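Visitor: Starting from these lines, generate the structure:
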Amino acid sequence: MTTMTPIANTVADPGLRNFKGTLVSLRLSATESADGISIIEHHMPFGEAPPLHIHRTEDEVFHIVRGSMRFEIGGKTVIGQGGDVVCAPKGVPHRFIVESTDGVHCFTITRGRDFETMVMEMSSSAGAGEQPRLVAPTPQMIEELALACSRNAIDIIGAPLSL
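Guide: Numbering: from 1, shown residues only. This next block holds a predicted model:
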């Protein structure tokens, strides 16, 4: 019989964080699992849309709990809804946009520390855990994100999707 080890409230969980207008929580750090699995929980507002990018070393798997997201993965459109799992393979350009007016609740799962490290570098404490408001990125914010991504094997190669 296999014993299951709970992963909630792990040592690595720094609590709720604000990542560019998205509420995130590190649920499992790559440093805590033998296979380097990282799980980050996201609460994203309507309109959240990262730029077109490529993860050089990690697949990015999205498990959508609630809401709707439109993805572009390798030039193909994929609609993800609550209960769906969507995979953006490493080396393949991808981006998404949150289309649900009440936002999206999802988890991203990666194998490795690159995405996790970038999110932790670019986020700050969310205090009481209220959903941050979506703000248009300034040139400085875009430059900071590009540098953090570059340090973590993620290449920004294009613009975000729009509604």
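Visitor: what ranges do the helices span in this protein?
Guide: Here the chain has its helices, by DSSP state H, at 114-122, 139-151.
Visitor: Alpha carbons of the last one, as CSV, please.
Guide: Extracted as CSV, the C-alpha positions of helix 139-151 are listed here (Å, rounded to 0.1, in the frame of the first residue of the first chain):
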residue,chain,number,x,y,z
PRO,A,139,7.8,50.0,-20.3
GLN,A,140,9.7,49.5,-17.1
MET,A,141,7.5,46.6,-16.1
ILE,A,142,7.9,45.0,-19.5
GLU,A,143,11.7,45.3,-19.3
GLU,A,144,11.8,43.9,-15.8
LEU,A,145,9.6,40.9,-16.8
ALA,A,146,11.8,40.3,-19.9
LEU,A,147,15.0,40.3,-17.8
ALA,A,148,13.5,37.9,-15.2
CYS,A,149,12.2,35.6,-17.9
SER,A,150,15.6,35.6,-19.7
ARG,A,151,17.4,34.7,-16.4
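Visitor: any idea how far residue 115 is from the closest residue to residue 94 other than its chain neighbours?
Guide: Sequence neighbours aside, residue 88 is the residue nearest to residue 94 in space, at 3.9 Å (criterion: C-beta to C-beta, 6 or more residues apart in numbering). (C-beta placed from N, C-alpha, C; glycine too.) Between residue 88 and residue 115 the computed distance is 11 Å (C-beta to C-beta, to the nearest Å).
Visitor: what do those two both touch?
Guide: Residues touching both residue 88 and residue 115 by C-beta atoms under 8 Å, 6 or more residues apart in numbering: 55, 60.
Visitor: about what we covered before: and the residue nearest to residue 94, how many neighbours does it have?
Guide: Per other C-beta atoms under 10 Å, the neighbour tally for residue 88 reads 25.
Visitor: Residue 25 too?
Guide: Neighbours of residue 25 using other C-beta under 10 Å come to 19.
Visitor: Kindly state the beta-bridge partners for it.
Guide: On the basis of DSSP bridges, residue 25 is bridged to residue 41.
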